[in-house]
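>>> requesting a structural model of the entry that follows:
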Amino acid sequence: MSIKKRTSTIIILIAALATLAGWSLDWGISVGADYVHEIRKNIEIFGLVYSEISQKYVDQVDPAKVLKAGINGMLGTLDPYTVLIEQEDNDQLQIMTTGKYGGLGMLIGPRDGWPTVVEPPYEGTPAQRAGIREGDQIIEVDGVVTKGMSTNDAASKLRGEVGTPVVVKIRREGEAEPIEFRLIRAEIVVHDVSYSGIVRDGIGYIKLTRFSRNAGHEIREAIRQLRTQNAKGIILDLRNNPGGLLEQAVEVSENFVKKGDQIVSTRGRIEGSVQKYVSEKDPAAGTLPLVVLVNEFSASASEIVAGAIQDLDRGVIVGAPTYGKGLVQTVVRLTGDAALKVTTAKYYIPSGRLIQKESNLRKEQGDIFAEDEDAATTGAIDEKKQEVPAEQFQTAHGRDVFGGGGIKPDLEMKTPKLTQFEIALLRKMMLFNFAIQYAARHPELKPGFQVDEKLLGELQQFLADRHFTYESDTEAQLENLRKAAEEDGYLADIKTQFEALQAALQAEKKDDFTKSRDFIRRSLEREISSKLWGTRAEVEAGFDDDPAIQRAVNLLLSPDEYTGLLAGNGKVKG
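Predicted coordinates:
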C-alpha cells in the first residue's frame, strides 16, 4: 500500500471513530453527555491535525511514526504504567501471563556490546543440554551478527515456535574459535522460585524473583519440600522482585495466610474493578513462623504479599521500605501486534492502606491523580504546601501501621550504599568478566573456596590490563568547579590549589580497592560460584554475608522476639 493510501486509510479510521463517539463502547461506567461530547470533539480535532500534517507538512512524514508520537504524547500525561505494548514487549507479556515460551532456556543481557548469557541456562532446556554456559557471548543467530543488537531483538531471534531449529554461534572464554550449535526450540517453563533450601538450624529460605503464571504453585511446592526437611521457620525473599500478575500475588499469599482472610482489594471506575480477593485455600505453610525480606526494588505484587502478611500479622517484614506501586493495569488487545496496558484501579491491602506512593504517579507532563480537585481545576498551586501526616491504620493484632504508599518493614535494615568504585566495577562488568576467566582457568575449585590474597592480586592485574577507570563524585564536582572558575576567569589564580586537590584525590583513589576489599570478596565468591556450579551455588555463597538473611534467621530462632513484634505492642517504623 502506498504512503498516500495508507495515510488516507488511517484518516478515515480516525474520522470513523469520531462519528462513533456516541458510543457503542461498553465502558462499564456512567458518563454524562458533556463528557461524551468532549471526547468526540477532541477525536475529531486529532484526526484533522493528523490529516493536515500528513498532507501538507514541508517534508514527507512517516504517518505511522507521527501517529505513534501522538499516542505516546497522550499516554505521557498519565501515570508511568499506562503504555502501548508493541511486539517486543508483547512477547514479554505473553511469557508473564502464560509462564512459558518457545525458545532455548537462557537469560541474556548486554555485555561489551554483545548479547551474553548472564545466568546458567535453565535445567533440562536445549541450551543447558547443549552445554551453553554463563558468560558465553552470542555472536550470531541464524547467520545474523548480533554485535550492538538490543537484548529484546536478540531474544526475539532466539525465541520461536516449539520444534523449529535455530543456529547459534557463541564466543567462549578459553576457546580460540567460536562454537556453533544447532538447537531445536522447546517449550520453556519460566521458573519464578530461583532457590529453595535450608539456610541453617532448620530455617528454610525461598527466593521468588517474579510473579508469572507459576509463582503460587512453585511457592507451594517449595514449602512442601521444606516441611519434609522439618523446617522450623521460613524466609520469603522478595527483594528486587518487581511484581507481575495480581492473581499470582493472591496465590502466593494463600500459602501463608488463613483460609477466608482478605488479601487485597481493588477500586476503580469501570465495572468489575471493585473487587475483594480472599484466600480460598488452607495455607501450605500452616503456622510456621515467617519473615519476608523486601527492599526499595520490591514492587506491585511483592507489595501485595508483604502488605497482606504485615496487616494480618502473619509474619515479620524485614528490610528497606518498598517501591510503592499500587496501580492495577488491564491489557486491552488492539491488534495482533499491539495492546494497551491501561491503569484501571488501585490496590488496597487488608488494613485499608493504599500501596501506591503518590510521588510515583507523576510523569513529566503532569499528574492526573491530583487529590485536591479545586486546585486541579482552578490551576491554584500552593508552593509551600505542608506535608500531610501519614494516615494511621491498624493490623489484625492492633499494631499501628501508616499509609503513604509502599510497605514499611517491621525491622528496617538500610541497603548498604555502594561507593563509586564499586558501582563502576558492577556497571563495567569487571567482576563478572574476571569470574568467567578465573572459573575457566580453575575448574578444580570446590564449593567453599576462599577468595585469598592471590586471587585478589589477579583481579587487580585484570583491572590494570583492562585499563579500568572511573570518576568519583568528588572528581565530578571538582571538574564542575574548574569549568566555573575558567568561565569566570579565576582558574589561573587557584591553579596551585586546584592541582593539589587533584593530586590528593588521585592518591585517595589508589586506596579504593583496599577499602572495598570486603565487597569484592563477597562479590567474587558469588560470581565464581555461579560460573562453576550454577545459580544454587551462587545463592548459597551469599548466605553468610547477607545481613538481612542472617537477621531473619536469628529472629526466627528467637521465639520471644518474633512473637513480641507481632503481639500488638509496637508500631511499625517508617
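>>> let's verify residue 54: helix, strand, or coil?
Following DSSP: H, G, I helix; E, B strand; the rest coil, we place residue 54 in the helix state.
>>> need the pLDDT of it.
Looking at residue 54, its pLDDT reads 86.
>>> quick check, it in contact with residue 62.
No - applying CB atoms under 8 Å as the test, residue 54 and residue 62 come out as separate, 9.5 Å apart. All C-beta atoms are positioned from the backbone trio N, CA, C, and that covers glycine.
>>> can you tell me the SS state at the residue most central in space within the chain?
Closest residue to the average C-alpha location of the chain: residue 242 at 3.9 Å, with CA atoms, centre = their mean. What three-state DSSP gives for residue 242 is coil.
>>> output the longest strand belonging to the chain.
Using DSSP state E to define each element, the chain has its longest strand at strand 339-348.
>>> which helices and strands sit right next to that one?
The contact analysis (3 or more CB pairs under 8 Å, 6 or more residues apart in numbering; DSSP states H and E) places strand 339-348 against strand 83-85, helix 87-98, strand 262-268, strand 327-333.
>>> which stretch in these is the model least sure about?
Note on the helices and strands packed on strand 339-348: lowest mean pLDDT is at helix 87-98, with a mean of 66.
>>> got the buried residues for the next helix or strand after that one?
Next along the chain after helix 87-98, taking DSSP states H and E as the criterion, comes strand 100-103. Judged by neighbour count using 16 or more other CB atoms under 10 Å, the buried positions of strand 100-103 are 101, 103.
>>> likewise for stretch 334-346?
Neighbour counts using 16+ other CB under 10 Å place 338, 339, 340, 341, 342, 343, 344, 345, 346 of stretch 334-346 among the buried residues.
>>> now stretch 232-240
Neighbour-count burial for stretch 232-240 flags 233, 234, 235, 236, 237, 238, 239, 240 (criterion: 16+ other CB under 10 Å).
>>> ok, the residues you listed vs residue 112, which is closest?
In terms of CB to CB, no member of the buried residues of stretch 232-240 lies closer to residue 112 than residue 240, at 23.8 Å.
>>> can you read off the backbone torsions of that closest one?
phi 60, psi 20 (degrees, to the nearest 10).
>>> and it, how far from residue 503?
In this view, residue 240 and residue 503 are 40 Å apart by CB to CB, to the nearest Å.
>>> dump the buried residues of stretch 232-240 into CSV; add pLDDT, secondary structure and distance to residue 261 as well.
Output for the buried residues of stretch 232-240, formatted as CSV (pLDDT from 0 to 100; DSSP: H, G, I helix; E, B strand; the rest coil; distance: CB to CB, whole Å):
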residue, pLDDT, secondary structure, distance to residue 261
233, 97, strand, 20
234, 98, strand, 17
235, 98, strand, 21
236, 98, strand, 17
237, 98, strand, 22
238, 98, coil, 19
239, 96, coil, 24
240, 94, coil, 27
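>>> which member of these is positioned nearest residue 465?
The shortest approach to residue 465 among the buried residues of stretch 232-240 belongs to residue 240, at 31.6 Å (CB to CB).
>>> I'd say the closest one and residue 295 touch.
Yes - counting by CB under 8 Å, residue 240 does reach residue 295; the two are 6.7 Å apart.
>>> report pLDDT for the residue nearest to the centre of the chain.
Taking residue 242 on its own, its pLDDT is 92.
>>> skip the chain neighbours and tell me the closest residue to it.
For residue 242, ignoring the flanking residues on the chain, the nearest one in space by CB to CB, 6 or more residues apart in numbering is residue 299 at 5.1 Å.
>>> give the contact list for that neighbour.
Residue 299 makes contacts with 241, 242, 243, 322, 323, 324, 325, as judged by CB atoms under 8 Å, 6 or more residues apart in numbering.
>>> quick one, which of these are buried?
With neighbours counted by 16+ other CB under 10 Å, the contacts of residue 299 contain buried members at 241, 243, 322, 323, 324, 325.
>>> what segments of the stretch 251-400 of the chain are strands?
262-268, 275-278, 290-294, 316-319, 327-333, 339-348, 392-394, 400-402 (DSSP state E, counting those that start in this stretch).
>>> the first one pairs with which strands, parallel or anti?
Within its sheet, and counting by DSSP bridges, strand 262-268 is paired with strand 275-278 (antiparallel), strand 339-348 (antiparallel).
>>> what's the closest of those strands to residue 78?
Nearest of the strands paired with strand 262-268 to residue 78, taken as CB to CB: strand 339-348 at 7.1 Å.
>>> what's that closest one in contact with?
By CB under 8 Å, 6+ apart, strand 339-348 touches 78-79, 81-85, 90, 93, 264-270, 273-274, 303-304, 326-334, 354-356.
>>> what helix or strand is residue 167 on?
Per DSSP H and E, residue 167 falls inside strand 165-171.
>>> that strand pairs with which strands?
Neighbouring strands of strand 165-171 in its sheet, by DSSP bridges, are strand 137-141 (antiparallel), strand 179-184 (antiparallel).
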